[in-house]
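Trainee: here is a sequence together with a model predicted from it:
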Amino acid sequence: MKKYLFALLVILIGCNPQPSANEKEKNKLLGDWQFLDIRGNYVEAFFDDSTYFIYNQKMGHSPKFNYFIINDSLYSNVDKRKPGINKTAQIIWLNENKVIMRTEFSRDTMDRITEAAITLGNTDLKRDSAIFREAISNRHEDYLLAKRILTPEEIKEFKETKIIPEDVLRK
């Protein structure tokens, strides 16, 4: 009788569907993101399965950094003060297209870039740098408009005069 119970138990466990690799939790950070850093600079980031890099219009392209995610934390080798991969940021998901990355120095709210043909993730920055710089400049402008940091009139005036509006300077 015990043999039959054991065999039945093995069959039931064996027939119980196990999660496949596709059903395991997917990395929700995959893709292109945009945000304003602590200094107000427009930044874009691209995350693939295990590395990420950023592009800042003032500083350019960063090196690639290794990373992985455990629960609500991002571990990375970005902090050169510490050897290896260390906890870099707490991840706070607001929705699938908006995430807060909280570090010891800053709190950046990143928005997913969903509708763009030329991004960090799909562009060779060495070969297509001029096209990319134009695309990122346009996204930067659209981002500032969407966040209501600038008005269309302020952008038009800046393009004509190259003078930063006083209220923006005070922020």
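Mentor: That came through fine. Numbers count the residues shown, from 1 in each chain.
Trainee: next SSE downstream of the longest helix anywhere in the chain?
Mentor: Longest helix in the chain, counting residues (DSSP state H): helix 129-146. Once the chain leaves helix 129-146, the next helix or strand it forms, by DSSP states H and E, is helix 152-161.
Trainee: name the residues of that following helix that are buried.
Mentor: E154 (16 or more other Cβ atoms under 10 Å). Heads up, the C-betas are built off the backbone N, CA and C, glycines and all.
Trainee: over to stretch 70-79?
Mentor: 74-78.
Trainee: and which of these is nearest I100?
Mentor: Using Cβ to Cβ, L74 comes nearest to I100 of the buried residues of stretch 70-79, at 11.4 Å.
Trainee: need the residues that contact the longest helix of the chain.
Mentor: 34, 36, 42, 44, 55, 57, 111, 113, 116-120, 123, 125, 150-152, 155 (Cβ atoms under 8 Å, 6 or more residues apart in numbering).
Trainee: returning to what we had before: and the furthest pair within the buried residues of stretch 70-79?
Mentor: Top of the distance list for the buried residues of stretch 70-79 (Cβ to Cβ): L74 and N77, 11.2 Å.
Trainee: partner strands of the longest strand seen in the chain, with direction?
Mentor: What stands out as the longest strand in the chain, according to DSSP state E, is strand 86-95. Here strand 86-95 is paired, per DSSP bridges, with strand 73-76 (antiparallel), strand 98-102 (antiparallel).
Trainee: for the first one, C-alpha coordinates in PDB please.
Mentor: These are the backbone C-alpha positions of strand 73-76, laid out as PDB (Å, rounded to 0.1, in the frame of the first residue of the first chain):
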ATOM      1  CA  SER A  73      17.300  46.300  -5.000                       C
ATOM      2  CA  LEU A  74      19.700  46.900  -7.900                       C
ATOM      3  CA  TYR A  75      23.200  45.600  -7.400                       C
ATOM      4  CA  SER A  76      25.900  47.100  -9.700                       C
END
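Trainee: let's number from 50 now, not from 1
Mentor: Okay, residue one is now 50; in that scheme the one you just asked about reads as strand 122-125.
Trainee: so how far is that strand off the chain centroid?
Mentor: The chain centroid and the centroid of strand 122-125 are separated by 13 Å under Cα atoms, centre = their mean, to the nearest Å.
Trainee: can you pull the contacts of the nearest residue to N115 once chain neighbours are set aside?
Mentor: Setting aside the residues directly before and after it, N115 is nearest to N126 in space (Cβ to Cβ, 6 or more residues apart in numbering), at 5.0 Å. If you count contacts by Cβ under 8 Å, 6+ apart, N126 has them with 114-116, 133-135.
Trainee: thanks again, I'm all set now.
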